[in-house]
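Undergrad: A predicted structure for the sequence below; I have some questions about it.
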Amino acid sequence: MTTINRPIRILVAKVGLDGHDRGAKVIATAMRDAGMEVIYTGLRQTPEMVVNAALQEDVDAIGISILSGAHMTVFPKIIQLMKEKRMDDVLLTGGGIIPEDDMNELYEMGVGKLFAPGTATQEIAAYISNWVKEHRNF
(Lines give C-alpha, C1' and ligand atoms only; values in the text may rest on other atoms or scores of the structure.)
Protein backbone atom coordinates (compact mmCIF):
# COMPACT_ATOMS: atom_id res chain seq x y z
CA MET A 1 0.00 0.00 0.00
CA THR A 2 1.25 3.46 -0.91
CA THR A 3 1.30 6.43 1.43
CA ILE A 4 -0.08 9.53 -0.21
CA ASN A 5 1.38 12.93 0.53
CA ARG A 6 -1.57 14.93 -0.74
CA PRO A 7 -5.35 14.78 -0.49
CA ILE A 8 -7.13 12.26 -2.71
CA ARG A 9 -8.71 14.09 -5.65
CA ILE A 10 -12.19 13.00 -6.72
CA LEU A 11 -14.43 14.31 -9.46
CA VAL A 12 -18.16 14.03 -8.71
CA ALA A 13 -20.46 14.31 -11.72
CA LYS A 14 -24.05 14.05 -12.89
CA VAL A 15 -24.30 12.74 -16.45
CA GLY A 16 -27.16 13.26 -18.87
CA LEU A 17 -30.51 14.86 -18.23
CA ASP A 18 -30.89 13.59 -14.66
CA GLY A 19 -31.62 16.77 -12.71
CA HIS A 20 -31.55 15.27 -9.23
CA ASP A 21 -28.30 16.50 -7.72
CA ARG A 22 -28.97 16.41 -3.98
CA GLY A 23 -27.27 13.02 -3.57
CA ALA A 24 -24.24 14.13 -5.58
CA LYS A 25 -23.93 17.24 -3.42
CA VAL A 26 -24.20 15.16 -0.23
CA ILE A 27 -21.44 12.84 -1.49
CA ALA A 28 -19.25 15.76 -2.60
CA THR A 29 -19.57 17.36 0.84
CA ALA A 30 -18.97 14.07 2.66
CA MET A 31 -15.83 13.31 0.63
CA ARG A 32 -14.53 16.82 1.29
CA ASP A 33 -15.24 16.34 5.00
CA ALA A 34 -13.27 13.06 4.80
CA GLY A 35 -10.24 15.07 3.68
CA MET A 36 -10.53 14.64 -0.09
CA GLU A 37 -10.21 17.37 -2.65
CA VAL A 38 -13.52 17.39 -4.56
CA ILE A 39 -14.27 18.76 -8.00
CA TYR A 40 -18.04 18.88 -8.59
CA THR A 41 -18.98 19.30 -12.25
CA GLY A 42 -22.65 20.07 -11.75
CA LEU A 43 -25.57 18.84 -13.84
CA ARG A 44 -25.97 17.67 -17.42
CA GLN A 45 -22.44 16.52 -18.17
CA THR A 46 -21.58 14.24 -21.08
CA PRO A 47 -19.26 11.27 -20.59
CA GLU A 48 -16.67 13.14 -22.67
CA MET A 49 -16.92 16.22 -20.44
CA VAL A 50 -16.49 14.07 -17.32
CA VAL A 51 -13.42 12.22 -18.61
CA ASN A 52 -11.81 15.40 -19.97
CA ALA A 53 -12.36 17.20 -16.65
CA ALA A 54 -10.93 14.19 -14.78
CA LEU A 55 -7.82 14.30 -16.99
CA GLN A 56 -7.39 18.06 -16.59
CA GLU A 57 -7.81 17.88 -12.81
CA ASP A 58 -5.55 14.80 -12.48
CA VAL A 59 -8.08 13.04 -10.26
CA ASP A 60 -7.64 9.72 -8.49
CA ALA A 61 -11.32 8.80 -8.76
CA ILE A 62 -14.48 9.67 -10.65
CA GLY A 63 -17.81 9.35 -8.85
CA ILE A 64 -20.96 9.31 -10.97
CA SER A 65 -24.36 9.91 -9.38
CA ILE A 66 -27.11 8.44 -11.53
CA LEU A 67 -30.82 8.14 -10.82
CA SER A 68 -32.17 8.29 -14.36
CA GLY A 69 -31.81 4.63 -15.29
CA ALA A 70 -29.15 5.40 -17.90
CA HIS A 71 -26.37 3.63 -15.96
CA MET A 72 -25.93 0.89 -18.59
CA THR A 73 -25.18 3.60 -21.17
CA VAL A 74 -23.26 6.10 -19.04
CA PHE A 75 -20.81 3.84 -17.18
CA PRO A 76 -19.72 1.76 -20.23
CA LYS A 77 -19.14 4.96 -22.24
CA ILE A 78 -17.05 6.51 -19.46
CA ILE A 79 -15.03 3.29 -18.99
CA GLN A 80 -14.40 3.17 -22.76
CA LEU A 81 -13.20 6.80 -22.81
CA MET A 82 -11.00 6.20 -19.76
CA LYS A 83 -9.38 3.19 -21.47
CA GLU A 84 -8.80 5.20 -24.66
CA LYS A 85 -7.05 7.88 -22.61
CA ARG A 86 -5.05 5.28 -20.63
CA MET A 87 -6.62 6.24 -17.31
CA ASP A 88 -6.14 2.71 -15.97
CA ASP A 89 -5.16 3.92 -12.50
CA VAL A 90 -8.25 6.09 -11.97
CA LEU A 91 -11.21 4.62 -10.11
CA LEU A 92 -14.65 4.88 -11.68
CA THR A 93 -17.26 4.48 -8.97
CA GLY A 94 -20.72 5.83 -8.37
CA GLY A 95 -24.13 5.31 -6.99
CA GLY A 96 -27.83 5.65 -7.45
CA ILE A 97 -30.70 3.42 -8.44
CA ILE A 98 -28.88 0.49 -10.09
CA PRO A 99 -30.26 -3.08 -10.03
CA GLU A 100 -27.86 -5.73 -8.71
CA ASP A 101 -27.67 -7.59 -12.06
CA ASP A 102 -26.64 -4.37 -13.79
CA MET A 103 -24.08 -3.67 -11.05
CA ASN A 104 -22.52 -7.09 -11.66
CA GLU A 105 -22.34 -6.47 -15.41
CA LEU A 106 -20.71 -3.08 -14.82
CA TYR A 107 -18.16 -4.62 -12.41
CA GLU A 108 -17.17 -7.06 -15.19
CA MET A 109 -16.52 -4.05 -17.48
CA GLY A 110 -14.14 -2.54 -14.93
CA VAL A 111 -16.40 -0.19 -12.99
CA GLY A 112 -15.55 -0.01 -9.27
CA LYS A 113 -17.98 -0.59 -6.44
CA LEU A 114 -21.40 1.03 -6.87
CA PHE A 115 -23.40 2.30 -3.92
CA ALA A 116 -27.14 2.24 -3.35
CA PRO A 117 -28.99 5.18 -1.79
CA GLY A 118 -28.60 5.16 1.98
CA THR A 119 -25.03 3.81 2.02
CA ALA A 120 -23.03 5.39 4.84
CA THR A 121 -20.75 8.09 3.46
CA GLN A 122 -17.93 6.76 5.67
CA GLU A 123 -18.14 3.45 3.79
CA ILE A 124 -17.85 5.25 0.46
CA ALA A 125 -14.91 7.38 1.65
CA ALA A 126 -13.12 4.31 3.04
CA TYR A 127 -13.61 2.40 -0.24
CA ILE A 128 -12.22 5.27 -2.33
CA SER A 129 -9.28 5.84 0.04
CA ASN A 130 -8.33 2.16 0.11
CA TRP A 131 -8.65 1.79 -3.67
CA VAL A 132 -6.50 4.85 -4.34
CA LYS A 133 -3.81 3.72 -1.88
CA GLU A 134 -3.65 0.31 -3.58
CA HIS A 135 -3.79 1.40 -7.23
CA ARG A 136 -2.25 4.85 -7.62
CA ASN A 137 1.49 5.54 -7.73
CA PHE A 138 2.65 8.74 -6.05
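TA: Cool, got the structure.
Undergrad: Show the end-to-end separation of stretch 64-74, please.
TA: 9 Å (CA to CA, to the nearest Å).
Undergrad: Rounded mean pLDDT for it, please.
TA: Mean pLDDT, stretch 64-74: 93.
Undergrad: Name the residues that touch it?
TA: Here stretch 64-74 makes contact (CB atoms under 8 Å, 6 or more residues apart in numbering) with 12-18, 20-21, 23-24, 27, 47, 50, 75, 78, 92-98, 102, 105-106. Every residue, glycine included, has its C-beta placed from N, CA and C.
Undergrad: and if we set it to 6 Å?
TA: With contact meaning CB atoms under 6 Å, 6 or more residues apart in numbering, stretch 64-74 is reached by 13-16, 18, 20, 23-24, 94, 96-98, 102.
Undergrad: ok, those residues vs Asp88, which is closest?
TA: Proximity of the contacts of stretch 64-74 to Asp88 (CB to CB) peaks at Gly94, which lies at 17.9 Å.
Undergrad: Identify those among the contacts of stretch 64-74 that sit within helices.
TA: Members of those lying in helices (criterion: DSSP state H): 23-24, 102.
Undergrad: Make a ChimeraX selection of whichever of the contacts of stretch 64-74 turn out to be buried.
TA: To isolate the buried ones among those in ChimeraX, judged by 16 or more other CB atoms under 10 Å, type:
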select :13,14,15,16,18,23,24,94,96,98
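Undergrad: Which of the contacts of stretch 64-74 scores worst on pLDDT?
TA: Out of the contacts of stretch 64-74, that is Asp18, at 76.
Undergrad: who are the neighbours in contact with that residue?
TA: Counting by CB under 6 Å, 6+ apart, Asp18 touches 67-68.
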